[in-house]
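K.L.:
coords below, sequence missing:
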């Protein structure tokens, strides 16, 4: 093997005065960064460090500091150090660059260029501690006239759901944490495409089960052990390509849940091979409705791509009760880096355009819009609802609540936090009781913040926030961007 | 240059009042002027107006179109447009009294007209939809022309000034009506515009409104889905269209309509029907402070927002029903009352003529469904 030109990304600094040689860092790091030799000396192997902070967080004496490896390339505004390192890696391996989590590139975030309104004098703000403040949200087709029977709906007490993350991509304890949190907070979690583990059947009323191109674990029992069914067409982190759960993550338990042989690659094809067009989608939607006796709404999830409005319109006309759109910041357990970083459009633009298009076509009442991909905090939630979404999915934010430090190496299966792994020992590091409490805390905190912001606007029901674009002002945006978002500039 | 209403959104505070005789006995405009004048300080001279029902019995079967014109050119253009769509029986300038308090009045004309049969046939619209659409087109597309009201046997009289001065200007003491509503306006960032004063009307509907709805953009975008052209950017316009949509187009009862616009909290919902209404018409929940009086030829309905962030008082005396922002405005014209009360949030006051069962019963009800199910 020739010399690797890759230098470490991080360096682990150890404060020798503080270190007590307890060995916690050694035991905690699956990547074998730390080593305690027989003579009691601590050694570090910087190149193995992914920057997940597990050792630093657990170090009882705060002896560890993790910093970027201080190796400067000659300054170059075009060839960044990352560009060089990526080429070194490809020159060594001849492979596609793999990565995890969402697009980290410095593209414009429209969330950060939108400001919210508040009442002053002419209209009283409402104090959510004194007055009722309603976040109750229903998702589904609401075209039924009064007196007709309503279509099946999902009822959420907070308009935030947990995104699809499959068992296999994440550990069972992640799903247990989110399922419990969803039930406690009267919202929903999503199985992802990896089937439903038998331990999670008790959460059926809080579960959205996914049907993706691999059809893993899809049985009549699976479809009926849920509040809703979601067809996954695409994912924000990797529009247009399928999925690949490497054999090493397909443990016996994962294999059983997915109904595939253990320790074999689980491949999800790029398209559904029974959906090559919109009329095929209509058939699958109808099939799933029949299979669930028309008792459950059917959602269709797509990545936000260039002509998303026309796609969304087609999906509604094909019978989707919920359209979930995953923006280009949406995360993944594994995706080719070039795909993740260069495909799709921002969720803010996608929702603004789709909401308006469905209104223009007179079919907005027939569907609910769920926004996913890059929702970081409660202000992002409020902004995307004001742009026209009915609810959001959060994935990355939920995982961060459980301990994820965004090291972006989920695809290795060696997650020191017990999140993106199926290793039995690593998985134990996430206690689902504690995970559930942390996820519940996050939703409660956001719920409080959303209510405060709504109260400030003089709004006491989320119904009146949805699509209320007058509550948004753009800052630092071009005229055309403002028009696409359907907002005016701050000061206008 | 200051922008006019329609170019920007203008929130405003206000006073509202109504007086009605439930036996449909008519009385002149003195009473309503005295009532609204009591609340002089609730307005700022930038808008006042009245709606009067029962004033044109001799033209009962004709739409009474009251139109403001910036100049004679606008009048000629609009009349050409009107003649294209209507058979006009009579036309004349609305009689006014020139006073020092009211300046910069537009040209104000009225027309008594019915839609031309051939146009109705060609456009495949019901008569009311046709009239509504023509009026909305004039207001949004014909520069310098504005339709102040377009109902039958009713009219809106409004302009820039304190309401009592507007009443004097329009010589309201010369009209006899069984139902009067009034409005004094306190807009917050405009020089005032005649078209922007209340009442806001569509067909027989008139709305006077006090408040600023924080759900404006949600409500507006909802109504735009169903073809409403929002030209004024005022809350009141949106409220009037919401009533038109829910009651005339969707065929809801008044009670159901109120369960939409001032929906009970989920925790207080008693019937599954209310939940369905709330879900289906979530985009028409009026959020934020308001008190409104909605009137038609059959009577009136007054209601507050669901947490009562604006004042509203009602009273009765014999055949009369009074509604106002403040009790003083009622006592000023009826010192002795049978009953005075302040309704709770979302709790409507409904006053109908004795021989009427609903605000809209005489009107044909057209149902409109979503495009998809149609």
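P.N.:
That came in fine, so what should we check first? All values reported here derive from a predicted model rather than from experimental measurement.

K.L.:
near chain B, which residues of chain A?
P.N.:
A:119, A:122-124, A:126, A:131-132, A:134, A:136, A:138, A:142-146, A:150, A:153, A:316-317, A:359, A:361-366, A:457-461, A:463-471 (C-beta under 8 Å from any C-beta of the partner chain). From N, CA and C alone the C-beta is placed, and that goes for glycine too.

K.L.:
Repeat the analysis, applying 6 Å as the threshold.
P.N.:
Within chain A, the residues that sit near chain B (C-beta under 6 Å from any C-beta of the partner chain) are A:122-124, A:132, A:136, A:138, A:142-143, A:150, A:359, A:362-363, A:365-366, A:457-459, A:461, A:463-464, A:467-470.

K.L.:
Please narrow those to those residing in strands.
P.N.:
Judged by DSSP state E, strands contain the following of those: residue A:138.

K.L.:
Let me know the pLDDT of residue 14.
P.N.:
Reading this off chain A. You'll see residue A:14 listed with a pLDDT of 96.

K.L.:
The chain in question should be chain B.
P.N.:
86.

K.L.:
who's in contact with it?
P.N.:
B:185, B:186, B:210 (C-beta atoms under 6 Å, 6 or more residues apart in numbering or on different chains).

K.L.:
now do 10 Å
P.N.:
Residues in contact with residue B:14 (C-beta atoms under 10 Å, 6 or more residues apart in numbering or on different chains) are B:39, B:42-44, B:47-48, B:163, B:183-187, B:198, B:208-212, B:236, B:290-291, B:310, B:325.

K.L.:
just those that are near chain A?
P.N.:
Applying C-beta under 10 Å from any C-beta of the partner chain to the contacts of residue B:14, one finds that B:186, B:187, B:211, B:212, B:290, B:310 fall near chain A.

K.L.:
Neighbour-wise, give me the winner out of those residues.
P.N.:
residue B:290 (28 neighbours; other C-beta atoms under 10 Å in any protein chain shown).

K.L.:
Looking at pLDDT only, which of the ones next to chain A among the contacts of residue B:14 scores worst?
P.N.:
residue B:187 (75).

K.L.:
hey, where'd the strands end up in the stretch 351-492 of chain A?
P.N.:
A:368-372, A:391-394, A:472-474, A:488-489 (DSSP state E, counting those that start in this stretch).

K.L.:
okay if I get those as JSON lines plus mean neighbour count and mean pLDDT?
P.N.:
Output for these, formatted as JSON lines (neighbours: other C-beta atoms under 10 Å in any protein chain shown; pLDDT from 0 to 100):
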{"stretch": "strand A:368-372", "mean neighbour count": "28", "mean pLDDT": "98"}
{"stretch": "strand A:391-394", "mean neighbour count": "27", "mean pLDDT": "98"}
{"stretch": "strand A:472-474", "mean neighbour count": "22", "mean pLDDT": "98"}
{"stretch": "strand A:488-489", "mean neighbour count": "16", "mean pLDDT": "97"}
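
K.L.:
I'd like to know the beta-bridge partner residues of residue A:372.
P.N.:
According to DSSP bridges, residue A:326 are recorded as the beta-bridge partners of residue A:372.

K.L.:
ok, now which ones touch residue A:73?
P.N.:
The contact partners of residue A:73, by C-beta under 10 Å, 6+ apart, come to A:7, A:79, A:80, A:81, A:83, A:84, A:85.

K.L.:
Taking those residues, please make a PyMOL selection of just the buried ones.
P.N.:
If you want just the buried ones from the contacts of residue A:73 in PyMOL, going by 16 or more other C-beta atoms under 10 Å in any protein chain shown, the selection is:
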select buried, chain A and resi 85
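
K.L.:
Closest one of the contacts of residue A:73 to chain B?
P.N.:
Distance to chain B across the contacts of residue A:73 (C-beta to the nearest C-beta) is lowest for residue A:80, with 41.8 Å.

K.L.:
you'd agree that closest one is up against residue A:86?
P.N.:
Yes. Look at residue A:80 against residue A:86 with C-beta atoms under 10 Å: they come within range, at 9.4 Å.

K.L.:
just to revisit the earlier point, so which of the residues of chain A next to chain B belong to helices?
P.N.:
A:359, A:457 (DSSP state H).

K.L.:
List buried residues within the residues of chain A next to chain B.
P.N.:
A:122-124, A:136, A:138, A:142-143, A:150, A:359, A:362-363, A:365-366, A:457-459, A:461, A:463-464, A:467-470.

K.L.:
which element is residue B:206 on?
P.N.:
strand B:205-211 (DSSP states H and E).

K.L.:
other SSEs contacting that strand?
P.N.:
strand B:12-21, strand B:48-53, strand B:154-159, strand B:179-187, strand B:200-202, helix B:235-243, strand B:290-296, strand B:299-304 (3 or more C-beta pairs under 10 Å, 6 or more residues apart in numbering or on different chains; DSSP states H and E).

K.L.:
And the ones next to chain A among the contacts of residue B:14, which is closest to chain A?
P.N.:
Nearest to chain A among those is residue B:212, at 4.2 Å by C-beta to the nearest C-beta.

K.L.:
can you list the ones next to chain A among the contacts of residue B:14 in CSV and add distance to residue A:236?
P.N.:
Listed next are the ones next to chain A among the contacts of residue B:14 as CSV, based on distance: C-beta to C-beta, whole Å:
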residue, distance to residue A:236
B:186, 48
B:187, 45
B:211, 41
B:212, 38
B:290, 40
B:310, 44
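
K.L.:
Closest one to residue A:343 out of the residues you listed, please.
P.N.:
Set against residue A:343, the nearest of those by C-beta to C-beta is residue B:212 (43.5 Å).
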